[in-house]
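*Asks:* What shape does this take:
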Amino acid sequence: MSRARQPPLVTGISPNEGAPWTKVTIRGENLGTGHNDLIGLSICGHNCLLTAEWMSASKIVCRVGPAKDDKGEIIVTTKSGGLGTSTVSFKLLKPERIGILDQSAVWVDELSYYDMRTDRNKGISPLSLRPANPLGIEIDKGKVPLKDLENMFPGMSGDFTSENFSATWYLMENHSSTSFEQLRVAVANLKKQASKKNEGSLAYVKGGLSTFFEAQDALAAIHQKLESDGTEKVEGSMTQRLENVLNRASETADTLFQEVLGRKDKADSTRNALNVLQRFKFLFNLPLNIERNIQKGDYDVVINDYEKAKSLFGNTEVPVFKKVYSEVETRIEALRKLLLDKLLETPSTLHDQKRYIRYLSDLHAPGDPAWKCIVAQHKWILQLMQNCKEDFIKEQKVGGVGLEMDRSSALNRISLPAPVKRGGSFQTPKDDSWHYKSPQQVRFVEKLSDVVISQLPNFWKLWISYVNGSLFSETGEKSGQVEKLKKNARQRQNDFKGMIEEVTRRLVQLVRGALLPSSLTELQLRQYGGWDTKTPLSGAWLTQVIHTVRLSHEALSALEIPNDLLQVIQDLLQDLRVHCLLTSLQHTEDDVKRLAEKEDWVVDNEGITSLPAQFEQCMVQMLQSLKEPMECKPGEINILNLDVVQDKACEQCVSIMKVFIKCLEQLSTKTDGDIDTSHLSVELSSPDLFGSIQEDFSSKPEQRLLIILSNCQYLERHTFLNLAEHLEKNGFTTAEKIIRVSIEALRQLDEYLFETYIEKKSDPIVGSLEPGIYAGYFDWKDCLPPTGVRSYLKEALVSIISVHAEVFTVSKELVPRVLSKIIEAVAEEMSRLMQCVSSFSKNGALQARLEICALRDAIEPYLTSESRTSFKQALEALPQLQSGTDKKLLEELLNKFKSSMKLQLNCFNPASFQPVKR
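*Replies:* Sure, this is the predicted structure:
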């Protein structure tokens, strides 16, 4: 069951206002099913069906007719839906017409208003009314390339308005994928459009029938009148009257239009007179206006007025005009001088410089203002750099605020509030006073770099603008001045390159004069030197200088300045890095010399004081401070790869090591009066152990020898090996040589100190043996049977035990080395004494064997091959035991001795001591 269609509804029109015959697009709902279904269309009450073109059920295109109403609705009527409604309206704009004799104060644009009835001589172009889509179906473009269509249809065209129109081309171009059913609909649409065109022509004729009838009646009346004149045989009477009428009409028209044309000529002459007066007024007031605008800074206005006056009166021959124009030229010349002075003023911004150069270019200033500005800027930058140096030197001479960092600060920053734990971190926080005040040279380099970085970029950009011609305005372009200046710029490239080179060279020489005076000649020193360099800068300040110079180099490289112009800065950086390296090593050597002052003689569980840790920390801090200057930035080289630098660094490092070893030697030779012993203590896990020894610990120089020996042992086994790793990690390729030479020197000191200590400890023990043996007029030939070990041997053992305790208190690792050496001396002395005896009695031989065996067995853990040989030689010098009774007695006496001396001899047994916990 079919459903009745809804009435048409217009919801939009574009545009929504316009003059008659404006083409509009109507949009809405249910606007018909096709051309035949559309039976009515009115806009503002005017029937527009004649120009209507149905596109779809939601779109209609038409032209608005000359309706009577200024504003009205858009009503669509269809066969299927009936009379429609509208939610929008259209406003008709009616331009006011001015008659040919009406006066008007405005220019009238003679638009062609098309009126189908009255303006029948002004027809509409066929192209203006042709539909955009003649087939009335959807267009599908782009499927077939245009080049292929041109090859397929040579000389033809797909434009249906062309004389060479090809229907096949059109279909392939716009409807290559259209279905056959759609093409059948397109044929039907063409037929409808053809029938509508015929109906439109017929309606046009019908609408103008009254006019045609009037014209036909007039022509018939004229024809009848002519015939009647002809029958009366009055020759020419009708034509004569027509001629007279036409002549009078012509005279009347001339009379009417003569006044209008006269007014027009008068208006034109008045307008021309006013223009001339205005032109003269501009010229006469121009000098005063130039002066006022110069005072206000409106240079653009002055230049525009000058160009205008130059074009109007530049070649005038009128005396009064020439006089006024010459005054204008005088003012302009003064302006050129003013702008040039402003251009050459310093300081000035790049924006102002470009502005003044453009002004001078527009004013056709003589010479090359841009190049003059570049030269002036170059001189100013050099002067700024020189003034910077002179100001700092003057401040230094009058006692400025720049203070050199005290060399001891590097040492003072080594903070050890508690015993240093080996293997821990050696990084210490920087003191806030580190950057409190900078030396004059450091602040000078920073200020000098600021001057270069702040001025040179604008200087370089000014040159780039000068080369590419962007400094000049369009006026300069038109006058050909820019090409001339570009040519000048190309010719001056070498001159500008020399300017940049001079600035960078001046920067480098000023820095060298402040920090590396030895790298300059005497003549250069007089110009760039003058600094007080009695106190050299530390490595930390030199690192800051290197950082500043690197930033300057990076900033200049970012401007794309050629690398060959910046090579002098790279050379300066290399020399500064080498100087920083050698200076840091030298200052570290000075710090190490003062480490002896910080020795507190407080030992830890391993018998080590804080001195080795302080030395290692001092070296590690030095290497850490060198990390930034030693780092290779782009374009830089590793200075340690230079043979000369490598040799100097190796020599300096070896010197540091030897200085520290010399400090140890000095500490070992100091007397008790040279050392403050009030703070000395021994840090043991069991503080009660050896308490009596600790009370007398600080009074013996031998104790300090032991501490130094313990430190030497630790340095060789740990500290020097750690430093070798640090040196290799920081690029010191000669680290192995440095450590090898250092260890050799350390071993020499160790051997010397060890022999000194052994001599001090062994001589009293060895010297007491012979007096003890022969005490009481003892005679090996005539003595009583032995009842035990005599006192002299016990006293010798007690002395050895005392040495053991003393060494063990400092470092148990030194005990075997020290006791073995002392026992060798004792065994050698015992062997000598036994061999010196001419003969032994039975009791004497048994007594001697008892004492030698007792001594040998008591110190068994520390016997060496040399001491064993000595004891063997001593026993061999004695007569052999013959009876078992003697052997039994010897064994009993030995056991008795060991039992009575068990507590004292227990210290010689390592198994009886638990290791000290750390």
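*Asks:* residue ranges of the helices in the stretch 151-300 of the chain, please?
*Replies:* Remark: helices assigned in the stretch 151-300 of the chain by DSSP state H, counting those that start in this stretch are 167-174, 180-207, 209-232, 237-296, 299-313.
*Asks:* Switch these over to a markdown table; also include mean neighbour count.
*Replies:* Any C-beta I mention is one placed from the backbone N, CA and C, and that applies to glycine too. Below are the helices of the stretch 151-300 of the chain laid out as a markdown table (neighbours: other Cβ atoms under 10 Å):
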| stretch | mean neighbour count |
| --- | --- |
| helix 167-174 | 17 |
| helix 180-207 | 12 |
| helix 209-232 | 11 |
| helix 237-296 | 12 |
| helix 299-313 | 17 |
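*Asks:* among those, which is nearest Leu542?
*Replies:* helix 299-313 (50.7 Å; Cβ to Cβ).
*Asks:* Specify the next element, helix or strand, located C-terminal of the closest one.
*Replies:* Downstream of helix 299-313, the next assigned helix or strand under DSSP states H and E is helix 319-344.
*Asks:* C-terminal to that following helix, what's the next element?
*Replies:* Assigned by DSSP H and E, the successor of helix 319-344 is helix 350-362.
*Asks:* Does anything pack onto the strand or helix carrying Lys662? Which helices or strands?
*Replies:* For Lys662, the host element (DSSP H and E) is helix 643-669. If you count contacts as 3 or more Cβ pairs under 8 Å, 6 or more residues apart in numbering; DSSP states H and E, helix 643-669 packs onto helix 563-593, helix 611-625, helix 701-714, helix 735-773.
*Asks:* Between those helices, which one is closest to Val603.
*Replies:* helix 701-714 (6.1 Å).
*Asks:* Can you list the buried residues in stretch 542-559?
*Replies:* 542-546, 548-550, 552-553, 555-556 (16 or more other Cβ atoms under 10 Å).
*Asks:* quick one on the thing from earlier: out of the helices and strands packed on helix 643-669, which comes closest to Cys653?
*Replies:* helix 735-773 (4.6 Å).
*Asks:* how big is the angle separating the closest one from helix 701-714?
*Replies:* Helix 735-773 runs at 150 degrees relative to helix 701-714, counting by axes from the mean of the first three to the mean of the last three Cα atoms, to 10 degrees.
*Asks:* How about the contacts made by Lys192?
*Replies:* Neighbouring residues of Lys192 by Cβ atoms under 8 Å, 6 or more residues apart in numbering: 34-36.
*Asks:* do you know how far it is from Tyr170?
*Replies:* From Lys192 over to Tyr170 the distance is 19 Å, taken as Cβ to Cβ, to the nearest Å.
*Asks:* Including distance to Thr346, mean pLDDT and mean neighbour count, could the helices and strands packed on helix 643-669 go into a markdown table?
*Replies:* Shown next, in a markdown table, are the helices and strands packed on helix 643-669 (distance: least, Cβ to Cβ, whole Å; pLDDT from 0 to 100; neighbours: other Cβ atoms under 10 Å):
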| stretch | distance to Thr346 | mean pLDDT | mean neighbour count |
| --- | --- | --- | --- |
| helix 563-593 | 23 | 85 | 19 |
| helix 611-625 | 40 | 86 | 21 |
| helix 701-714 | 65 | 82 | 22 |
| helix 735-773 | 54 | 86 | 17 |
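*Asks:* okay, those helices in CSV with distance to Lys296 next?
*Replies:* As requested, the helices and strands packed on helix 643-669 are exported to CSV (distance: least, Cβ to Cβ, whole Å):
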stretch, distance to Lys296
helix 563-593, 43
helix 611-625, 60
helix 701-714, 84
helix 735-773, 74
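*Asks:* What residues sit buried inside stretch 76-90?
*Replies:* 76-78, 80-81, 84, 86, 89-90.
*Asks:* all strands of the stretch 401-550 of the chain, in order?
*Replies:* Taking DSSP state E, counting those that start in this stretch, the stretch 401-550 of the chain contains no strands at all.
*Asks:* would you list every one of the helices in it?
*Replies:* Counting by DSSP H, counting those that start in this stretch, the helices of the stretch 401-550 of the chain are 408-412, 440-468, 474-479, 481-491, 493-515, 522-528, 539-557.
*Asks:* Adding distance to Ser625, write these out as JSON lines.
*Replies:* JSON lines is the format used below for the helices of the stretch 401-550 of the chain (distance: least, Cβ to Cβ, whole Å):
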{"stretch": "helix 408-412", "distance to Ser625": "9"}
{"stretch": "helix 440-468", "distance to Ser625": "15"}
{"stretch": "helix 474-479", "distance to Ser625": "57"}
{"stretch": "helix 481-491", "distance to Ser625": "48"}
{"stretch": "helix 493-515", "distance to Ser625": "17"}
{"stretch": "helix 522-528", "distance to Ser625": "28"}
{"stretch": "helix 539-557", "distance to Ser625": "5"}
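*Asks:* among those helices, which is nearest Ile773?
*Replies:* Ile773 lies closest to helix 408-412 among the helices of the stretch 401-550 of the chain, at 55.4 Å (Cβ to Cβ).
*Asks:* average pLDDT across the closest one?
*Replies:* Mean per-residue pLDDT for helix 408-412: 38.
*Asks:* swap in stretch 781-800?
*Replies:* Stretch 781-800 comes out at a mean pLDDT of 86.
*Asks:* Now that stretch: buried residues?
*Replies:* 783, 786, 788-790, 792-794, 796-797, 799-800.
*Asks:* repeat for stretch 518-530
*Replies:* Residues of stretch 518-530 classed as buried: 519-520, 525, 528-530 (neighbour count, 16+ other Cβ under 10 Å).
*Asks:* what's the answer for stretch 900-913, then?
*Replies:* Buried-residue list, stretch 900-913, by 16+ other Cβ under 10 Å: 901, 905, 907-908.
*Asks:* if we can go back for a sec, nearest to Val620, of the buried residues of stretch 518-530?
*Replies:* Closest to Val620 out of these is Ser519 (30.5 Å), distances taken as Cβ to Cβ.
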